[in-house]
Each structure stands twice: as C-alpha cells, then as structure tokens.
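> Got a sequence here, can you model it:
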Amino acid sequence: MCFRNIIEPIALEITDLCNRYNIYLESGITTNGYLINEEMIPFFCNTNMQSFLITLDSSKDMHNKVRFQRNASNSYQKIVDNIILLAEKLEPKDLNLRINFTKESFNSITNIINSFYPKIRKKIKVSLVQIIQDQRKNKIPIHEIETTRLEFEKAGFMSAREILKTKGYRCHADLYNQVIINYDGRVFKCPAQNFEKEKEDGILTKKGNIIWHENLLSRKMCRAGFDNDTCMNCKYLPVCFGLCSQKLSNVNVPEDINKYFSYCNDIENYVNMAMDEFKKTDLGLAHISKYK
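Sure, this is the predicted structure:
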C-alpha cells in the first residue's frame, strides 16, 4: 500500500544517503505479498532488498476464507504467484514463506507444497507458526510440527528451524540501536504491537534526532526478562534470556507471566525431541554437534 508515494521515495532517499556516506544498506520487508508485481523488481534491486517475509494463512481453501478480497476470491493464488515471481526474477538470499496455522487447519498445510513447482522450492524457506491465540487453547506438539516441517524439506524447500534461540539476546527489540520509525515520526522499539500514542517510545525530530520518552523506555528496557521466580528457578535460564521485555512491561500479575510468556516448556520439548533424534544416530555424545 502507498508504494509509489511513500515506500519508494523514502527507501530511495535512504539508499542515496547510504551511497553518499559509504554505508552498506541491506533491505528487508514483511508483507502479505498481495500487491507485489514485476514493476517493483528494479526497486527491490536498487535498494538491495534481500529479505522477504511473506505469509499464507494455511492451505488454499482456509487462506481464502480468512484473507478474502472484496473483488477477488483467490488471494492465495495471487500471493503464491508473487512469491514465485520474486524467486525467479530477484532471487533474494532470504525468501521466507511463513505459514500460519491453527489446530483446525494444521493437517492440510502440506497441500501448499504442490502450489510451487519443484525447481523453485529450493529458493524458498518455509517456517511453520501456530497462531498465538490458538496456541493458548490447542497447542500442537512440537514433534508433530517437526514431522510436517520435514515433509516440506523433503519436497525441496529450505526450512526454518530453531531448536534453542541462542543469539545472545531475547529479541531484536531489546537491542540498543533497534528502532521502528512510524510514518508520522513516532518511534517504537517493538514492531509487534498496535502503534498507539500511549505506547510510543520516542519521537523523531525534523533534524533527525530521537527524543526518547525516558520513563516509558526505562520501564521496558531496564527490567531483566528473567527477573521473575519462574525464570530464576528454571534450569534453562543460561540458554534462554527470559521473557519478552515489551510484554513484561505491561504485566503485573505473576500468574499471567507464567501462563502466557514462559518459554521453558517449549525448550523442554525441543530438547527431548532433539535427544530422541540423536538416539537414532548411534553416535557417541561427542558427535551431538553434527545433529542438524
């Protein structure tokens, strides 16, 4: 949306500034993929657009029920065609197809495989994500998701797999230099929220400086994600950096923290699954690093 009069001129101005000051620029975009077209390919090249995260809401029938258009009934096929367009014409180094699913739609998502011809699949990385609201009611076991992920991999796709997220930080929103600049100059740390006035972390001035709302920002950033009884008593704390700082700043009831934001059960399940797979290899423990 607003590609010609907002996205393109701003991105090209940023590209020009980076070229002028000899700063390396690599762009990425998260999009539903519906409005992408071939005329945009030169723009993606000029701005070094190397990362695309495009979503489908389960298989074709379910997707079209959820993401319908007023004048078009098959948004699924248009998005698939646009993913193929990017893979053929641009070949970005990270073309990520995120498949959102629910308990109801999970068993049908492998139908998506046949929407892409075999030779193009190796250029697309698939990630499978259960919708968070559905997780709280009907969480699908990790081993079932892993089995489905392997079906995509065997069909020729790359696949996203994170057993333990050992990046050195909980989330990019916790990084000092991470900022989200809204179209109107308001500044946020976290993109996964409604951009409401009361949640903004700062404002971008006309001179290009950020004036931070120190009280709100310190409440988010100065509290360690593991500063709660659940995390402090968890054996996985050394490899997990605690809870989401943004969510933590909005929660005051410890029971809610434990119920909604703790990662320890997921880690436990991942470790158990990895060790079950490791047992099948007949390798000594010293070779566990070879497990992929």
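
> ok, residues contacting stretch 55-63?
32-33, 66-67, 74-77, 79-80, 97-102, 104-106, 108-109, 111-112, 115 (CB atoms under 8 Å, 6 or more residues apart in numbering). C-beta here means a position set from N, CA and C on the backbone, and glycine is covered the same way.

> How much space separates M62 from T55?
13 Å (CB to CB, to the nearest Å).

> what ranges do the helices span in the stretch 101-250 of the chain?
Here the stretch 101-250 of the chain has its helices, by DSSP state H, counting those that start in this stretch, at 118-121, 132-138, 142-154, 214-221, 229-232, 245-248.

> Below-threshold pLDDT in the chain: ranges please.
71-72, 161-170, 219, 222-223, 247, 249-263, 284-292 (pLDDT under 70).

> Specify the local secondary structure of the residue nearest the centre of it.
The centre of the chain sits closest to L53, judged by CA atoms, centre = their mean, with a distance of 7.2 Å. Under DSSP: H, G, I helix; E, B strand; the rest coil, L53 falls in the strand class.

> For it, name its beta-bridge partners.
T30, N96 (DSSP bridges).

> May I have the residues that are in contact with it?
Contacts of L53 by CB under 8 Å, 6+ apart are G28, I29, T30, T31, N96, R98.

> Distance-wise, check the residue nearest to the first one when sequence neighbours are not counted relative to D174.
Nearest non-adjacent residue to G28, counting by CB to CB, 6 or more residues apart in numbering: S51, 3.1 Å away. Between S51 and D174 the distance is 20 Å, computed by CB to CB.

> For those two, work out which one has more neighbours and name it.
D174 (18 against 15; other CB atoms under 10 Å).

> Give the ChimeraX command for selecting the buried subset of the contacts of stretch 55-63.
Remark: buried members of these, expressed as a ChimeraX selection using 16 or more other CB atoms under 10 Å:
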select :33,67,75,76,79,80,97,98,99,100,101,102,105,106,109,112,115
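
> among the contacts of stretch 55-63, which are in strands?
L97, R98, I99, N100, F101 (DSSP state E).

> Quickly list what the fourth one is bridged to.
Beta bridges link N100 to D57, V129 when assigned by DSSP bridges.

> which residues touch it?
T55, L56, D57, S58, V129, Q130, I131.

> Near the second one, how many other residues are there?
L56 has 26 neighbouring residues, counting by other CB under 10 Å.

> same thing with the last one?
In terms of burial, I131 registers 14 neighbours under the definition other CB under 10 Å.

> Against E104, how distant is it?
10 Å.

> With the fourth one instead?
Distance, S58 to E104, by CB to CB: 9 Å.

> what's the answer for I84, then?
27 Å.

> Against D174, how distant is I124?
30 Å.

> got it, and L217?
12 Å.

> Just give me the residues shared between the contact sets of those two.
With CB under 8 Å, 6+ apart as the test, L217 and D174 both reach K189.

> Make TSV from the helices of the stretch 101-250 of the chain and add mean neighbour count to it.
Shown next, in TSV, are those (neighbours: other CB atoms under 10 Å):
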stretch	mean neighbour count
helix 118-121	14
helix 132-138	11
helix 142-154	15
helix 214-221	14
helix 229-232	15
helix 245-248	20
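
> possible to save the ones you listed as TSV with distance to M1?
Putting the helices of the stretch 101-250 of the chain into TSV (distance: least, CB to CB, whole Å) gives the following:
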stretch	distance to M1
helix 118-121	27
helix 132-138	24
helix 142-154	30
helix 214-221	29
helix 229-232	40
helix 245-248	25
